[in-house]
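Trainee: I would like to see how this sequence folds:
(2 chains)
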Amino acid sequence: DQQVKQNSPSLSVQEGRISILNCDYTNSMFDYFLWYKKYPAEGPTFLISISSIKDKNEDGRFTVFLNKSAKHLSLHIVPSQPGDSAVYFCAAFISGTYKYIFGTGTRLKVLA
Amino acid sequence: ETGVTQTPRHLVMGMTNKKSLKCEQHLGHNAMYWYKQSAKKPLELMFVYNFKEQTENNSVPSRFSPECPNSSHLFLHLHTLQPEDSALYLCASSQAEGPIEETQYFGPGTRLLVL
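Mentor: Model (predicted):
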């Protein structure tokens, strides 16, 4: 049973527009969530995180929103740039367990 | 060298071979992890070492054997692997303070092909 799900395997967005990547989870015990970006032939790179005590965290062009009641988080990228084209993974964990649970990833393509 | 490094980057091995993957972190972290990424599957956590002690073994077959000689180095020893073990193997590290772990930083991975 997959505890963290990214239901869209791919997304295409025009340069300059907003990219919205979604992630759903089933375990209400998760208290920390992260987004990673992965380019081909590289390991995942940390992008942004959010604690379960918040509902929004912003870092430059990247904003993560958390809706605990819906068990849903999303990553907004504004404005999208061609260099943002990559696979984006969401991850969740329970503090103290050292166990990240990852989604399957969404491939974002930003068109110039 | 900075961050998390992994060697080799690519490895092809037969089912009877023995090989080792190496990971080194230069971030001063005290927790290290092995993950497996197969096509169209989420990253799967294999092993966790916290302060050099193994704290997690996610039901990984014994043909995978981890070793953590110090907080900067992590090995994954491989023997008698199966073709379905072909995958990208990622190492990560984090700074674990008390019960709260922090963000994990990943290496570039080793692409393994078992023939």
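
Trainee: for whatever residue of chain B ends up closest to chain A, what are its contacts?
Mentor: At 3.4 Å from chain A, B:Phe106 is the closest residue in chain B, using C-beta to the nearest C-beta. C-betas here are computed from N, CA, C, even on glycine. Contacts here follow C-beta atoms under 8 Å, 6 or more residues apart in numbering or on different chains; on that basis B:Phe106 touches A:36, A:43-45, B:4, B:35, B:90-92.

Trainee: mind redoing it with 6 Å?
Mentor: Taking C-beta atoms under 6 Å, 6 or more residues apart in numbering or on different chains, we find B:Phe106 in contact with A:43-44, B:90, B:92.

Trainee: Please name the spatially closest residue to the residue in chain A that chain B sits nearest to (chain neighbours excluded).
Mentor: Among the residues of chain A, A:Gly43 lies nearest to chain B; the distance is 3.4 Å by C-beta to the nearest C-beta. Leaving out its chain neighbours, the residue that sits closest to A:Gly43 by C-beta to C-beta, 6 or more residues apart in numbering or on different chains is B:Phe106, at 3.4 Å.

Trainee: Can you tell me who the one you found pairs with across the strands?
Mentor: Beta-bridge pairing for B:Phe106 (DSSP bridges): B:Ala92.

Trainee: So for A:Thr97, what's the pLDDT?
Mentor: pLDDT for A:Thr97: 76.

Trainee: What count of nearby residues applies to it?
Mentor: Look at A:Thr97: counted by other C-beta atoms under 10 Å in any protein chain shown, it has 15 neighbours.

Trainee: same question, A:Gly43
Mentor: Residues contacting A:Gly43 under the criterion other C-beta under 10 Å number 21.

Trainee: And B:Glu84, by the same measure?
Mentor: B:Glu84 has 8 neighbouring residues, counting by other C-beta under 10 Å.

Trainee: Quick check: it vs A:Pro44, distance?
Mentor: 23 Å (C-beta to C-beta, to the nearest Å).

Trainee: per-residue confidence for residue 34?
Mentor: I went with chain A, as the question did not name one. Looking at A:Leu34, its pLDDT reads 93.

Trainee: look at chain B instead
Mentor: 95.

Trainee: Give the helix, strand or coil label for it.
Mentor: Per DSSP: H, G, I helix; E, B strand; the rest coil, the secondary structure class of B:Trp34 is strand.

Trainee: thought it was touching B:Met46?
Mentor: Yes. At 4.3 Å, B:Trp34 and B:Met46 qualify as touching, with contact defined as C-beta atoms under 6 Å.

Trainee: which of these two has more neighbours?
Mentor: Counted by other C-beta under 10 Å, B:Trp34 and B:Met46 do not tie: B:Trp34 has more neighbours, with 25 against 20.

Trainee: quick one: contacts for the more buried one?
Mentor: Here B:Trp34 is in contact with B:46-47, B:76 (C-beta under 6 Å, 6+ apart).

Trainee: One more: A:Ser10?
Mentor: Contact analysis of A:Ser10 by C-beta under 6 Å, 6+ apart lists A:Arg107.

Trainee: Which stretches in the chain count as strands?
Mentor: I'll assume chain A. Here chain A has its strands, by DSSP state E, at A:4-5, A:10-14, A:19-25, A:32-38, A:45-51, A:56-59, A:62-67, A:72-77, A:86-93, A:101-102, A:106-111.

Trainee: Chain B is the one I meant
Mentor: With DSSP E as the criterion, chain B has strands spanning B:4-7, B:10-13, B:18-25, B:31-37, B:44-50, B:53-57, B:64-70, B:73-79, B:87-94, B:96-97, B:100-101, B:105-106, B:110-114.
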